[in-house]
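Enquirer: Output the structure for:
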Amino acid sequence: MGNRDEGSIHGDVPAEQTPTDWSLLPVTHGNEDSMVAVIWRLLRQEPALMVSGGYVFLSVLGLWSSYFFYFKFRLSILDYLQVSDFLVAGLRDPAYVLILLLGALLAVLLGWPERLRRRNPAKVARLRARHWGWRMLFSESPWMNWEFSGLRPLTGMCIAVVCFMAFGAALYALSSAEKIRDGRGGTPVQVVLGGDAAALPGTAKLLGSSSAFVFLWWPEQRRAEAVPISAIRRLQSLPLPVKPVAPRTVTPSRPSTAPAAR
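Expert: The predicted model follows:
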């Protein structure tokens, strides 16, 4: 009785009545702090850094993918890029933005069980005692909470997601290059060099461009080349096929049966 009355006087809330913190944001206080949490706290204080950091990361991701894409054509893309090309490497394909957003979402979802465990230890303990599904979600295995790596769980999870994004971007670039080499992708163009009136024989596939070069793939010769932009007079796409128009059938009008006026 004394302990219960003392708890009532001090206003203690039973563990069963403690509200659950379902936040998806990382833990940024106490001994749960990690490198990612420190960066997140800095980004919340300076929102402009969030845009700048995302843009830099997107550019690095695009540059990484470009290396693997042009590697399939035996072109050393890094030798043809200027400083300005590094800044827009991730903006040339919307797929890189999708990979970045997917990676951020994956990091939030995969790290959520660990953050929920650290914010609500008593609640998680009760859930694990109810069903085996909760025990799998909130597993105490060292291989599930990143203790084996010596890193904070949030830091280890984010590093793993970044590696996944790099692998996915490289795989996407290699797949796109394979489609062009097999004749199932790419934009066909005809090239007119400076000083020439007619286009070069054959049709090339446009691989991409930089601030100083245009990268072409010639399917017939099975070779790729980097042509200086100053040497190209015009790049023209192939004419679009004209959709045939079905002939219209005219129904003859019936002769009038009304008597002629006298």
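
Enquirer: Tell me where the stretch 1-150 of the chain is predicted with low confidence.
Expert: 1-34, 36, 111, 115, 118-119, 135, 137-150 (pLDDT under 70).

Enquirer: Now do the helices in it.
Expert: With DSSP state H, counting those that start in this stretch as the criterion, the stretch 1-150 of the chain has helices at 2-10, 35-45, 47-71, 83-87, 94-119, 121-130, 132-137.

Enquirer: So for K243, which of these sits nearest?
Expert: Distance to K243, taken as C-beta to C-beta, is lowest for helix 94-119 among the helices of the stretch 1-150 of the chain, at 28.1 Å. (C-beta placed from N, C-alpha, C; glycine too.)

Enquirer: before we move on, back to that, distance to G183 added to the helices of the stretch 1-150 of the chain, as TSV?
Expert: As requested, the helices of the stretch 1-150 of the chain are exported to TSV (distance: least, C-beta to C-beta, whole Å):
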stretch	distance to G183
helix 2-10	77
helix 35-45	44
helix 47-71	17
helix 83-87	28
helix 94-119	21
helix 121-130	55
helix 132-137	47
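
Enquirer: closest one to A198 among these?
Expert: That would be helix 47-71 among these, by C-beta to C-beta, at 28.8 Å.

Enquirer: so which of the helices of the stretch 1-150 of the chain comes closest to G208?
Expert: Once the helices of the stretch 1-150 of the chain are compared by C-beta to C-beta, helix 47-71 is nearest, at 7.6 Å.

Enquirer: can you list contacts of that closest one?
Expert: Helix 47-71 has contacts (C-beta atoms under 8 Å, 6 or more residues apart in numbering) with 42-43, 76-78, 86-93, 96-97, 99-100, 165-166, 169-170, 172-174, 176-177, 207-208, 215, 224.

Enquirer: which among those residues end up buried?
Expert: Buried subset of those (neighbour count, 16 or more other C-beta atoms under 10 Å): 43, 77, 86, 89-90, 93, 96, 99-100, 165-166, 169-170, 172-173, 176-177, 207-208, 215, 224.

Enquirer: can you map out the strands along the stretch 101-250 of the chain?
Expert: 187-193, 204-209, 213-218, 223-228, 232-237 (DSSP state E, counting those that start in this stretch).

Enquirer: partners of the second one in the sheet?
Expert: Partner strands for strand 204-209, per DSSP bridges, with pairing direction: strand 187-193 (antiparallel), strand 213-218 (antiparallel).

Enquirer: Could you tell me the angle between the shortest one and helix 47-71?
Expert: The one in question is strand 213-218. 40 degrees (axes from the mean of the first three to the mean of the last three C-alpha atoms, to 10 degrees).

Enquirer: what does the longest one give?
Expert: For strand 187-193 against helix 47-71, the angle between stretch directions is 80 degrees (the same axes, to 10 degrees).

Enquirer: Now strand 187-193: buried residues?
Expert: Going by neighbour count (16+ other C-beta under 10 Å), the buried part of strand 187-193 is 189-192.

Enquirer: before we move on, what about the last one?
Expert: Within strand 213-218, the residues that qualify as buried are 213-217, counting by 16+ other C-beta under 10 Å.

Enquirer: cool, stretch 199-209 as well?
Expert: For stretch 199-209, by 16+ other C-beta under 10 Å, it's 199, 204-209.

Enquirer: tell me which of the residues you listed is nearest to L110?
Expert: Nearest to L110, judged by C-beta to C-beta, of the buried residues of stretch 199-209 is G208 at 33.4 Å.

Enquirer: Which residue is the nearest non-sequential neighbour of that closest one?
Expert: Distance criterion C-beta to C-beta, 6 or more residues apart in numbering; nearest residue to G208, sequence neighbours excluded, is F215 at 5.1 Å.

Enquirer: Give me the pLDDT for that neighbour.
Expert: Per-residue pLDDT puts F215 at 94.

Enquirer: My read is that it contacts K205, right?
Expert: No: the criterion here is C-beta atoms under 8 Å, and F215 misses it with K205 at 9.6 Å.

Enquirer: Do a quick rundown of the helices in the stretch 151-262 of the chain.
Expert: 153-181.
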